[in-house]
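S.K.: below: sequence and its predicted model.
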Amino acid sequence: MSALPRADPCEPPSGSMIVFTDLDGTLLGHHTYAFDAALPALKALQNRGIPLIIATSKTIPEVERLRRRLHNRHPYIVENGAALVIPQGYFSGGTDSESESEYESILLSSPYETLRAKLCQWRADHGFRFEGFGDWDASTISKHTELPLEDARLAGERVGSEPLLWHDSETALAQFRALLEKEGLRLIKGGRFDHVIGETNKARACRKLLKLYHTHQSVTPRVVALGDSPNDLEMLQLADDAVVIRRHDGSYMPYTGDNRVTHTEKIGPAGWNEALQEILGSGVVEIRG
Ligand SMILES: [Mg+2]
């Protein structure tokens with residue numbers, strides 16, 4: 001089991017650097033979901049007080065559980081940018097609470113209940129054939145995701161996006177997409193599922209958070225972002241340093257951007273460690289703006 005020393009309660013950052021990271025296939029191993037290979041760089045970030053911001057397709061309770069293992073008290077981004085979650089008192093200061101479940105959630109998508117109501121209505125009206133997490137109990141989510149039952153239950157606790165399996169024709173899909181678009185929603189292609197979400201993504205949530213750092217601390221930190229998939233692309237493009245993590249099959253997601261980019265030699269969390277050690281060791285910690 002991975003372990004990090006417990007950090008002191010995190011103050012908001014000094015402003016020199018901020019790190020945004022994807023989880024699956026990036027900080028966590030593709031098959032193992034372990035972050036052991038990233039421990040040296042995780043400790044280095046912790047020692048320097050550099051905020052590590054998780055930006056993932058996972059849900060709030062899934063990330064809360066991982067943050068406890070990482071001893072991470074920084075804000076985080078869930079459901080591909082559907083919400084930005086900020087621990088109570090993180091920017092305003094003055095919280096004495098030890099509770100790590102107390103947070104403010106800024107919703108950047110439509111509320112989950114609204115999404116579900118629309119999807120169910122369209123299915124009834126047009127006869128679309130699809131299934132979403134909202135149609136399933138935890139054991140069915142577990143079957144479709146191959147997650148253990150408890151993890152599947154947490155994956156079902158959603159705030160602003162719906163993963164679904166499309167069982168209908170391409171023609172029906174085009175009709176479905178048109179309905180989504182009219183409502184300011186869209187469909188993101190994922191590995192296993194398609195995700196219905198509002199006009200947001202990880203990058204939009206990152207920008208929102210960077211603005212908060214700027215407002216509260218008048219600093220613009222150097223931004224590092226790490227990811228392995230197309231849903232990380234915009235997040236990597238907004239960074240000063242983009243890190244494209246090598247996938248378990250040896251490939252890289254195609255990347256174009258005019259920022260500094262590193263393609264890791266190693267795979268998953270080992271690549272994550274390699275890239276951050278390099279960036280931290282370069283001594284180039286500059287403050288823009
Ligand atoms: Mg990933």
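M.R.: Looks like it arrived, so ask away. Residues are numbered from 1 along each chain as shown.
S.K.: which SS state does the residue of the chain positioned farthest from its centre fall under?
M.R.: No residue in the chain sits farther from the centre than Asp125, which is 33.4 Å out by CA atoms, centre = their mean. Secondary structure assignment for Asp125 (DSSP: H, G, I helix; E, B strand; the rest coil): helix.
S.K.: okay, now the sheet partners of the top strand by length along the chain, with direction.
M.R.: If you go by DSSP state E, the chain has its longest strand at strand 260-267. Strand pairing for strand 260-267, using DSSP bridges, gives strand 241-246 (parallel).
S.K.: contact partners of the strand it pairs with?
M.R.: 22, 25-26, 222-228, 236, 252-253, 255, 257, 259-268, 271-272, 275-276, 279 (CB atoms under 8 Å, 6 or more residues apart in numbering). For the C-beta atoms, the positions are set from N, CA and C on the backbone; glycine is no exception.
S.K.: close to the ion as well: tell me which of those residues qualify.
M.R.: When contact is defined as CB under 5 Å from the ion, those meet the ion at 22, 25, 228.
S.K.: could I get the residues you listed as a markdown table with distance to Asn80?
M.R.: Putting those into a markdown table (distance: CB to CB, whole Å) gives the following:
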| residue | distance to Asn80 |
| --- | --- |
| Asp22 | 10 |
| Gly25 | 14 |
| Asp228 | 14 |
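S.K.: so which of these is the closest to Pro111?
M.R.: In terms of CB to CB, no member of these lies closer to Pro111 than Asp22, at 24.4 Å.
S.K.: phi, psi of the closest residue to the closest one other than its chain neighbours?
M.R.: Sequence neighbours aside, Gly227 is the residue nearest to Asp22 in space, at 3.9 Å (criterion: CB to CB, 6 or more residues apart in numbering). The phi and psi values for Gly227, taken as degrees, to the nearest 10, are phi -170, psi 170.
S.K.: mind listing what's buried along stretch 159-171?
M.R.: Of the residues in stretch 159-171, 159-164, 166 count as buried by neighbour count, 16 or more other CB atoms under 10 Å.
S.K.: for PyMOL, what selects the buried ones among the contacts of strand 241-246?
M.R.: PyMOL command restricting the contacts of strand 241-246 to the buried ones, with burial defined by 16+ other CB under 10 Å:
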select buried, resi 22+25+26+222+223+224+225+226+227+228+236+253+255+262+264+267+268+271+272+275+276+279
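S.K.: and Thr145, what's its pLDDT?
M.R.: Note for Thr145: predicted pLDDT of 89.
S.K.: for it, list the residues it contacts.
M.R.: Here Thr145 is in contact with 151-152, 155, 192 (CB under 8 Å, 6+ apart).
S.K.: ok, Val196 to the ion distance?
M.R.: 19 Å (CB to the ion, to the nearest Å).
S.K.: near the ion, which residues of the stretch 101-250 of the chain show up?
M.R.: 228-229.
S.K.: where in the stretch 101-250 of the chain is pLDDT low?
M.R.: In the predicted model of the stretch 101-250 of the chain, residues 101 satisfy pLDDT under 70.
S.K.: the nearest residue to Leu27 once chain neighbours are set aside: how many residues sit nearby?
M.R.: Spatial nearest neighbour of Leu27, chain neighbours left out: Thr21 (5.0 Å); criterion: CB to CB, 6+ apart. Thr21 is flanked by 25 other residues according to other CB atoms under 10 Å.
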